[in-house]
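>>> structure of the sequence below:
(chains A, B and C)
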Amino acid sequence: MINSLDAYLVLSALLFAIGTFGFLARRNAISMLMSIELMLNAVNLAIVAFGAFIPGLAVDASVIAIIVMAVAAAEATVGLAIVIAIFRNRRTPLVDEYDAMRR
Amino acid sequence: MAWSDVVTIAPFAAAVLLAGLVLVVDLVRPGRTGPIVAVSLAGLAGLAALTLVTGQTEATAFDGSYSMDALTTFLDLLFIAIVALTILFAPDYLAPRGLPMAEFTVILLFALTGAMLISASTDLLVLFIGLELMVIPGYLLAGFHKSDAYSTEGAIKYFLLGSFSSAIFLFGLAFVWGLTGSTRVDVVAMRLTEITAGAAALSPGLAMGLAFLTTGVAFKIAAVPFHYWTPDAYQGSPTPVTGYLSVGPKIGAFALILRLFVEALAAVREDWLIIVVVLAATTMTLGNLVALTQNNVKRMLAYSSIAHTGYMLVGLAAYAAGRVEGLEGLLYYGAAYSFMNLGAFAIIAALQKRAGVTSSLDTFAGLGRREPLLAILMTLFLLSLTGIPPTAGFFGKAYVILAAVQAGGPVAILAVIAVLNAAAAAFYYLRVVVYMFMRDPIGDDVAPTHGRLLWGGLWVATALTILLGLIPGPLLEIVGNAARAL
Amino acid sequence: MALGETAPIIGIAFADILFVMLAAVMLGSALMVVLLRDIIRSGLAMIVCFAALAGIYVLLQAPLVAAAQVLVYIGAISVLILFAIMLTQTKAGPARLVFQTQSAAAAVAAIVLALVVAVAVGATDWGEVGERMHTATDTLARVLFDEFVLPFEVVSVLLLAAVIGAVYLAKREESGPS
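Residues are numbered from 1 along each chain as shown, chains lettered A, B, ... in the order given. Take a look at the predicted model:
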């Protein structure tokens, strides 16, 4: 199993699905952000898996994975700053309760 | 990396340096709006000149991942114009609320660099990074009024939706790269051509990767049904930011579609034609229908911008069906739409100069009597949005619909839907005009004086809206070159 | 004492056992991230998930990516998320308050998604699939600064923009309404 590309990609798919569920089902904005981080990790896993098994892609895979990590870090930074800013206003991190505009 | 690479990438690098320069200006003279606006506008003018000069020759850089061609030049100039107008419209809104112009401008300029990178990239990874560089400053700008509950709420919703769609896009990108062996768009195109020519079968993995890419991009242009939180994000953001978001990242996302799908998926054009047709129909119709029910002008314009995305998708569908005029129409419409939408939002921002003024229809009541000049300009922008001649909006719509009719088949049906939608849209656009001229003003506040920058920007937007409608020739030639560059 | 390739009694290769263990830990902790009601435990489970992923990257012969995973995800992003959780602390509540009303539909959608991708993956013929291939770090470094120099430099611009904006949004105002 350790030498099968399919196994790693299925693993990546499962992680991506778990992240998607978390994003759609949780109310806390930070939980939703953690779910997005899981999804991005799933993508990284897929990229590194492709690099390990498909001839010629090994080096590119590591570089692309590291760059995706950096982008994920930037996104997490911005997201958390926004969460802190909105918490100061609304005193709740629950996305459902951000409904000021629908009224 | 060679010197020629650096020369080719000069406009993008200059944009990054400009952002840094504005930061330094704020360091030297903290808190002063004047120097910031002066330096950024001068810098943008220089950037536009540099783009024009370097755009004379086509070139590629960085081993084919960056391409400077007619499309790049057109899109770069359009983005520079959008950002310049936003900078003109912002101080009047930010100053009464105590928001710093410097950070606003710096973040906006970083967004510009992202958009410029998208318009030039022919590599999937560079496209993705450009996309992130364009939208992450967008999230920050949406929440710029950080003490306002609406603004931060809009920002968190915009951020969550945007990050979710970026993850989906990236998942698709990983599979497409894994299966074609390269991030270069032309290599992907070559592999796909081999497949459709019958050399290889379209593997399920590749099809799935393309499906994920499409879904991610559909989120980015806020096509229906992927538009979920976009109206909240637009309504909550500070009004100049809404103006920018409804135009800049939207056209940036279309640039992504052009660079990715048009180049890479040219081989399977018939397959994604039907997807584009369906998306265009649903987007137009839902955007217009919901806009009809809105009483808040900002939210109404947010839904109307979703409808305009639908019209642009009609142009894309016409191109997918084989007419390059569809692509020209898409680009022309993009430019026309930018100026008229920015103008409309600028006027809303002007009316909200005093903190606490909402953007509901009541604010517009009796505007014809309170501030006649603003009311006339708003009428012009609304007429252009509806598509009434001789405005830019009319020519853009006409060109796109004409291309759709010429394409025939399902796309011609799309043209009919577009015309019906435009007619329906007239109702909610012109309702604002009715409020302005035929209702009495509510309350008797003295009309605020608006800054020279705001007026300057408004006149520019007005002039462009009229000129692009009366004399479409020059721009038509430019977009023609741009379309043929693909 | 040298261990053979396969475990003595069971007869499965050690490498396979390792893969299954790491995969189980990773998926288990990921499920904990999305299902636990207490968000602090959720954050800690996420750290475990990242660590398991780092182990899997080592199995995939990508040690530099594994190291970056530990440094960046566990060392920086997770710490940042835990800080934000502390700053926006709410009590762990009953499930009604933690999950949205559409959770059941979301679960169905997620399962369908996983199945679709798994089927697509299984049905795809990957061509020649070699052994897990190793990348020398110096090759990686050369490629990073040679082929991928443009993405590399632009990512630094992206990080700068993110930091500037995040500092602006998160800092407390000294004066004015809070």
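>>> how near is residue B:341 to residue B:335?
According to Cβ to Cβ, to the nearest Å, residue B:341 stands 11 Å off from residue B:335. Glycine gets a C-beta too; all of them are placed from N, C-alpha and C.
>>> hmm, I typed the wrong one, I wanted residue B:119.
Counting by Cβ to Cβ, the separation of residue B:119 from residue B:335 is 13 Å.
>>> likewise residue B:454?
22 Å.
>>> higher neighbour count, residue B:119 and residue B:335?
Legend: neighbour count by other Cβ atoms under 10 Å in any protein chain shown for residue B:119 and residue B:335, higher for residue B:119 (29 against 23).
>>> quick one: the more buried one is in a helix?
Yes. Counting by DSSP: H, G, I helix; E, B strand; the rest coil, one finds residue B:119 located in a helix.
>>> the residue lying closest to it once chain neighbours are set aside: how many residues sit nearby?
Distances taken as Cβ to Cβ, 6 or more residues apart in numbering or on different chains place residue B:75 nearest to residue B:119, at 3.6 Å, with adjacent residues excluded. Residue B:75 has 26 neighbours, counted by other Cβ under 10 Å.
>>> what parts of chain A come near chain B?
A:16, A:19, A:23, A:29, A:32-33, A:36, A:39-40, A:42-43, A:46-47, A:50, A:54, A:56-57, A:60, A:64, A:67-68, A:71, A:74-75, A:78-79, A:81-83, A:85-86, A:88-90, A:95, A:98, A:100-102 (Cβ under 8 Å from any Cβ of the partner chain).
>>> can we see that at 6 Å?
Contact residues (Cβ under 6 Å from any Cβ of the partner chain) of chain A with chain B: A:23, A:29, A:32, A:36, A:39-40, A:43, A:46-47, A:50, A:71, A:75, A:78-79, A:82, A:85-86, A:89-90, A:98, A:100-101.
>>> so which bits of chain B are right by chain A?
B:132, B:136, B:139, B:143, B:146, B:149-150, B:152-153, B:155-156, B:159-160, B:163-164, B:167, B:170-171, B:174, B:178, B:232, B:235-236.
>>> looking at chain C, which helix or strand is least sure?
Taking mean pLDDT, DSSP states H and E as the measure, chain C has helix C:95-98 as its least confident helix or strand, at a mean of 59.
>>> which ones are touching residue B:66?
Contacts for residue B:66 were tallied using Cβ atoms under 6 Å, 6 or more residues apart in numbering or on different chains; they are residue B:120.
>>> what's across from it in the sheet?
Beta bridges link residue B:66 to residue B:61, residue B:121, judged by DSSP bridges.
>>> can you list phi and psi of residue B:59 for me?
Torsion angles at residue B:59 (phi, psi; degrees, to the nearest 10) stand at phi -160, psi 160.
>>> ok, now residue B:29?
Main-chain torsions, residue B:29, degrees, to the nearest 10: phi -120, psi 80.
>>> that one against residue B:35, yeah?
Yes. The pair residue B:29 and residue B:35 qualifies as a contact (Cβ atoms under 6 Å) at a distance of 5.1 Å.
>>> name the residues of stretch B:372-381 that come out as buried.
Neighbour counts over stretch B:372-381 (16 or more other Cβ atoms under 10 Å in any protein chain shown) mark B:374-375, B:377-381 as buried.
>>> make a markdown table from the residues you listed and add pLDDT and secondary structure to it.
Formatted as a markdown table, the buried residues of stretch B:372-381 follow (pLDDT from 0 to 100; DSSP: H, G, I helix; E, B strand; the rest coil):
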| residue | pLDDT | secondary structure |
| --- | --- | --- |
| B:374 | 87 | helix |
| B:375 | 88 | helix |
| B:377 | 90 | helix |
| B:378 | 90 | helix |
| B:379 | 90 | helix |
| B:380 | 90 | helix |
| B:381 | 91 | helix |
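>>> low-confidence regions, the chain specifically.
No chain in the question, so chain A it is. Residue ranges of chain A with pLDDT under 70: A:1-2, A:98, A:100-103.
>>> that's the other chain; I wanted chain C
Scanning chain C for pLDDT under 70 picks out C:1-11, C:90-98, C:125-132, C:174-178.
>>> care to break it down by domain?
Per automatic domain parsing, the domain ranges recorded for chain C read C:10-93, C:135-178.
>>> of the ones you listed, flag the one that's most buried.
Per-stretch averages of neighbours, counted by mean count of other Cβ atoms under 10 Å in any protein chain shown, single out domain C:10-93 among the domains of chain C, with a mean of 19.
>>> does chain A sit close to that domain?
Yes. On the criterion Cβ under 6 Å from any Cβ, domain C:10-93 is in touch with chain A at C:15-16, C:19, C:23, C:27, C:30, C:33-34, C:39, C:46, C:53, C:57, C:60-62, C:64-65, C:68, C:72, C:77, C:80, C:84-85, C:87-88.
>>> from these, which land in helices?
Those of the residues of domain C:10-93 next to chain A mapping onto helices are C:15-16, C:19, C:23, C:27, C:30, C:33-34, C:39, C:46, C:53, C:57, C:64-65, C:68, C:80, C:84-85, C:87, per DSSP state H.
>>> only alpha carbons, please: show stretch B:178-191 as PDB.
The C-alpha atoms that make up stretch B:178-191 are tabulated as PDB, following Å, rounded to 0.1, in the frame of the first residue of the first chain:
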ATOM      1  CA  GLY B 178      -0.200  15.600 -11.800                       C
ATOM      2  CA  LEU B 179      -1.800  14.200 -14.900                       C
ATOM      3  CA  THR B 180      -0.300  16.500 -17.500                       C
ATOM      4  CA  GLY B 181       3.100  16.700 -15.900                       C
ATOM      5  CA  SER B 182       3.500  20.500 -16.200                       C
ATOM      6  CA  THR B 183       2.200  23.700 -14.800                       C
ATOM      7  CA  ARG B 184       2.600  25.500 -18.100                       C
ATOM      8  CA  VAL B 185      -0.700  26.300 -19.700                       C
ATOM      9  CA  ASP B 186       0.500  25.500 -23.200                       C
ATOM     10  CA  VAL B 187       1.600  22.000 -22.100                       C
ATOM     11  CA  VAL B 188      -1.800  21.400 -20.600                       C
ATOM     12  CA  ALA B 189      -3.400  22.500 -23.800                       C
ATOM     13  CA  MET B 190      -1.100  20.200 -25.800                       C
ATOM     14  CA  ARG B 191      -2.000  17.200 -23.700                       C
END
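>>> so what touches it?
With Cβ under 6 Å, 6+ apart, stretch B:178-191 has contacts from A:50, B:64, B:122-125, B:177, B:205-206, B:263-264.
>>> can you flag the buried ones in those?
Those of those that meet the buried threshold are A:50, B:122-125, B:177, B:205-206, B:264, by 16+ other Cβ under 10 Å.
>>> quick check: which element contains the one residue in the stretch 351-486 of chain B that gets nearest to chain C?
Chain C sits closest to residue B:355 of the stretch 351-486 of chain B, with a gap of 10.5 Å, by Cβ to the nearest Cβ. Assigned by DSSP states H and E, residue B:355 belongs to no helix or strand.
>>> what's the closest non-adjacent residue to the most centrally placed residue in chain C?
Nearest to the mean C-alpha position of chain C, by Cα atoms, centre = their mean, lies residue C:50 at 4.5 Å. Distances taken as Cβ to Cβ, 6+ apart put residue C:73 closest to residue C:50, at 4.5 Å, once the chain neighbours are dropped.
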